[in-house]
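>>> Okay, sequence plus prediction incoming.
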Amino acid sequence: MEELVTAVRPRLAREVRILFATRIVRLFAYGLFSVVLVLHLAATGLSESEIGLLLTLTLLGDAVISLGITTRADRIGRKRMLLVGALLMVGAGILFASTRSFALLLLAATVGVISPSGNEVGPFLAVEQAALAQTIPAERRTAVFAWYNLVGSFATALGSLCGGLVADALQHHGSSQLGSYRFLAAGYAVLGVAMALLFSRLSADSEAPQAKRQARPSAAFLLGLETSRAKVLALAGLFSIDSFAGGFVVQAFVAYWFQQRFGVSPSVLGAIFFGANVLAGLSALTASWVARRIGLLVTMVITHLPSNVLLLLVPLMPSLPLAIAVLLLRFSISQMDVPTRQAYTMALVPPAERSAAAGVTGIARTLGASLSPLVAGPLYASVALASIPFMVGGGLKIIYDLLVWKTFRHVRLDERR
């Protein structure tokens, strides 16, 4: 990784290091709270249907906030918009730590930035990708995105492990379940403050080209896109299918399923998702090597298909060790499409539209994922139906893989990007 950073001009290398640091802090926070999120909501007395509604509003709120921030970031300023996102993350953590009111939790979920999956939500990824793409040579971009995803997966893994261990430790020392989960929510808010401090150190080098920032929006400039609008919207539609499928099996729901099916404790849940996210990060790192040999699009598709077949098998396992083994095997290849997808999106559009392109596709993913918890929540509440979300999620993801290949297999990328 250090070789890739040092290949960048020293002044720009500082920006890359800051963006990697914010990624680490944010994904640690997401992992810390996501592993107990559904348990936290259940401890407040919410039903599975109410939890599904709240998770849906969490993701819908993230999508609306992301739309407002990412489509304006290149024009108003990436640093400013990232700071706004960090402050919304702080506010969500404070409300989750201080109330059990369903109305206030809905407010925190809708307006704040919370990740039910432990993965990226909100405006941060799109703006950071655009800034990274601006500072990294095109031929090194996939490798840098692979490391970017690797450190994020490791951070999520450590956050999940710490979340489970801390919750168990607090409960063993006399804290109530809800009290231990609120402590983690407070930690989430503190990490949001740390992110804001890091974002405040970004310089003008991370901003969009000056001509774009001064441009006034026009009727042709839909969602911050102009020349790449048709391609980006097609890609966004496909990504929404993938994320709708993924919403059935977000980390918070899968953790709940393991507890309900096998009686797993929070510390064991943390260990499971620590291993899962470490393997996911390592799988992302191999993506650069594969993509150099077979191309970005092919890597996106052929590495994603077998991971989705494994997802279908998880609920069919008769014992906890076998279910964990299949889940970990799935994660060992599940993230190879992520850095290639990010690099493909950046190469598909001109530099002046990268924040908007990443934002629109990211929002499409969030919107897709926001609808499925409404359906998944009641299914997880029933022992007889709890396997269905895995089947629906895996099946739809396979359909997505086939559609993205059919749609973009003849599209040629501009190699200069």
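Happy to help now that I have it.

>>> mind checking the SS state of the residue nearest the centre of the chain?
Nearest to the geometric centre of the chain sits Glu120, at 2.0 Å (CA atoms, centre = their mean). Judged by DSSP: H, G, I helix; E, B strand; the rest coil, the three-state class of Glu120 is coil.

>>> Against Ala29, how distant is it?
Relative to Ala29, Glu120 is positioned 12 Å away (criterion: CB to CB, to the nearest Å). Where you see a C-beta, it was placed from the backbone N, CA and C, and this is true even at glycine.

>>> got it, and Ser332?
Shown here: Ser332 relative to Ala29, a distance of 24 Å by CB to CB.

>>> So which of those two has more stuff around it?
Applying other CB atoms under 10 Å to Ser332 and Ala29 shows that Ala29 carries more neighbours, namely 29 against 19.

>>> Give me the pLDDT value at the more buried one.
Predicted confidence (pLDDT) for Ala29: 94.

>>> Check the contact between it and Tyr188; I expect there is one.
Yes: using CB atoms under 8 Å, Ala29 is in contact with Tyr188, at 5.1 Å.

>>> For this structure, which helix extends over the most residues?
helix 10-43 (DSSP state H).

>>> Which elements pack onto that one?
Under the contact criterion of 3 or more CB pairs under 8 Å, 6 or more residues apart in numbering; DSSP states H and E, helix 10-43 touches helix 2-6, helix 48-76, helix 78-98, helix 124-135, helix 141-172, helix 177-199, helix 251-262, helix 266-294.

>>> Buried ones in the second one, by neighbour count?
Burial within helix 48-76, assessed by neighbour count using 16 or more other CB atoms under 10 Å, is assigned to 48, 50-67, 69-75.

>>> for it, what is the average pLDDT?
If you average the pLDDT over helix 48-76, you get 79.

>>> same thing with the longest one?
With pLDDT averaged residue by residue, helix 141-172 scores 87.

>>> cool, and the last one?
Model confidence over helix 266-294 averages 83 on the pLDDT scale.

>>> and the angle for that helix with helix 10-43?
For helix 266-294 against helix 10-43, the angle by axes from the mean of the first three to the mean of the last three CA atoms, to 10 degrees is 140 degrees.

>>> going on from helix 266-294, what's the next piece of helix or strand?
Per DSSP states H and E, the first helix or strand lying C-terminal to helix 266-294 is helix 296-302.

>>> which is the next helix or strand following that following helix?
That would be, after helix 296-302 and using DSSP H and E, helix 304-313.

>>> list the helices and strands that next one packs on?
helix 320-334, helix 388-408.

>>> Next, the buried residues of that helix.
Using 16+ other CB under 10 Å as the test for burial, helix 304-313 gives 304-305, 307-308, 310-313.

>>> and if you look at stretch 81-96?
81-96.

>>> Closest one of those residues to Ala143?
The closest of those to Ala143 turns out to be Leu82 (CB to CB; 23.6 Å).

>>> so who does that closest one touch?
Neighbour list for Leu82: 22, 73, 123-124, 127-128, 199, 202 [criterion: CB atoms under 8 Å, 6 or more residues apart in numbering].
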